[in-house]
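Chemist: With the sequence up front, the predicted model follows.
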Amino acid sequence: MSAKTIDGKAFAQGLRTQLKGEVAKFIDQSGVTPGLAVVLIGQDPASQVYVGSKVRQTQEAGMNSFEHRLPDTTSQSELEALIDRLNADDSVHGILVQLPLPAGMNSDAILDRIDPAKDVDGFHPVNVGALWTGADALVPCTPLGCSYLIADVLGSDLSGLTAVVLGRSNIVGKPISALLQKMNATVVMAHSRTANLADVCRSADILVAAVGRPFMVEKDWIKPGATVIAVGINRWDDGKLGGDVARDAVEVAGAVTPVPGGVGPMTIACLLTNTLKAAQMSQARG
Ligand code: GUN
């Protein structure tokens, strides 16, 4: 039997359509158009593609997009001054600084400088803390998207189920672990130093692979019927994309996200959701 393919592309399209309606309603009621500022430093080709998509989809959702593309000669203090201006600008409800920043820049200092209320990436320590203490927070976009896909397959109450998260990054591994715990899963955070990784993965009813190592998770690491979320995207020498999970995993799993077309499209859809949420919170604060 072959696993169900989790169609992230279609799910993200549905989210964006719903969001567009909510944005129109918000503008109608408040007279305020949500605005997202995207900051890109340097010429990284992948980042340029991501930022282009973010700008286009923000506009398609009916929100304002403010694009700041700066050369890689930009200094730390110049970028910090830009963040200060965006923090003070009432037409900007969300700020996203595309990572990675050029070598030599202090990313943590930049992320810490963003007003937590405008931190649509959910990377500021205030939002990280709020997520782990259970308070309402702006949640990082990729893990938020993963949680929606998991809930679509299994429902939002994961009581009694074991989730194994492979990878412990701030962008994916740690926040998805917090979200899965909130959904009542029993969460195991595994990583490169975990003993018997294959056995640990085989205990997973839900396996989230966020390591960035092509096809690292093999077919026989997967519990029959498991829900498998492949987050990492790896580009082969021939230009083709592949995930962290071997393709023949579909022969064992119950449901699998494809790469591309699984988690990827969810990230920007959730960024737009977070931008509307930030604008709504700003309006509620008055
Ligand atoms: N680079 C890769 N993923 C991300 C992300 O989720 N947010 C930002 N700001 N940069 C990224």
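Modeler: Arrived safely.
Chemist: For the closest residue to the ligand within the stretch 101-250 of the chain, give me its contacts.
Modeler: Taking C-beta to the nearest ligand atom as the measure, the stretch 101-250 of the chain has Asp121 as its residue closest to the ligand, at 4.8 Å. Quick note: C-beta positions are derived from backbone N, CA and C, even for glycine. Under the criterion of C-beta atoms under 8 Å, 6 or more residues apart in numbering, the contact partners of Asp121 comprise 96-97, 111, 138, 140-141, 271, 274.
Chemist: Name the SS class of it, please.
Modeler: Asp121 falls in the coil class when you classify it by DSSP: H, G, I helix; E, B strand; the rest coil.
Chemist: Near the ligand, which residues of the stretch 101-250 of the chain are found?
Modeler: Taking C-beta under 6 Å from any ligand atom as the test, the list of the stretch 101-250 of the chain residues beside the ligand reads 121, 141-142, 171.
Chemist: okay, the residues you listed in CSV with pLDDT next?
Modeler: Shown next, in CSV, are these (pLDDT from 0 to 100):
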residue, pLDDT
Asp121, 98
Cys141, 98
Thr142, 98
Ile171, 95
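Chemist: Could you list which of those residues belong to helices?
Modeler: 141-142 (DSSP state H).
Chemist: what's downstream of the helix or strand hosting Val165, the next helix or strand?
Modeler: Taking DSSP states H and E as the definition, one finds Val165 inside strand 162-166. Along the chain past strand 162-166, the next helix or strand (assigned with DSSP H and E) turns out to be helix 173-182.
Chemist: and that next one, which residues are buried?
Modeler: 173-180, 182 (16 or more other C-beta atoms under 10 Å).
Chemist: Just the CA atoms of the one helix or strand Val39 maps to, as PDB, please.
Modeler: With secondary structure defined by DSSP H and E, Val39 is part of strand 35-41. Output for strand 35-41, consisting of C-alpha atoms alone and laid out as PDB, is shown next (Å, rounded to 0.1, in the frame of the first residue of the first chain):
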ATOM      1  CA  GLY A  35       1.800  45.800   6.000                       C
ATOM      2  CA  LEU A  36       4.800  43.400   5.800                       C
ATOM      3  CA  ALA A  37       8.300  44.700   5.500                       C
ATOM      4  CA  VAL A  38      10.800  42.200   4.100                       C
ATOM      5  CA  VAL A  39      14.500  42.900   4.400                       C
ATOM      6  CA  LEU A  40      17.100  41.200   2.200                       C
ATOM      7  CA  ILE A  41      20.800  41.900   2.500                       C
END
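Chemist: out of the buried residues of helix 173-182, who's nearest Lys9?
Modeler: The nearest member of the buried residues of helix 173-182 to Lys9, counting by C-beta to C-beta, is Ile176 at 19.8 Å.
Chemist: any idea how far the residue nearest to that closest one when sequence neighbours are not counted lies from Pro125?
Modeler: Ranked by C-beta to C-beta, 6 or more residues apart in numbering and with sequence neighbours excluded, the top spatial neighbour of Ile176 is Pro143, at 3.9 Å. Look at Pro143 and Pro125: by C-beta to C-beta, to the nearest Å, they are 16 Å apart.
Chemist: swap in Val51?
Modeler: Plainly put, Val51 is 24 Å away from Pro125 if you go by C-beta to C-beta.
Chemist: How about Val200?
Modeler: If you measure Val200 against Pro125 using C-beta to C-beta, the figure is 29 Å.
Chemist: Among those two, which residue is more densely surrounded?
Modeler: With neighbours defined as other C-beta atoms under 10 Å, Val200 and Pro125 compare such that Val200 has more, 17 against 12.
Chemist: Can you tell me which helices and strands whichever strand or helix holds that one packs against?
Modeler: Element membership for Val200, per DSSP H and E: helix 197-202. Of the remaining helices and strands, those touching helix 197-202 by 3 or more C-beta pairs under 8 Å, 6 or more residues apart in numbering; DSSP states H and E are strand 162-166, strand 186-190.
Chemist: Deepest in the core, which of these is it.
Modeler: Mean neighbours per residue, mean count of other C-beta atoms under 10 Å, is largest over these for strand 162-166, with a mean of 27.
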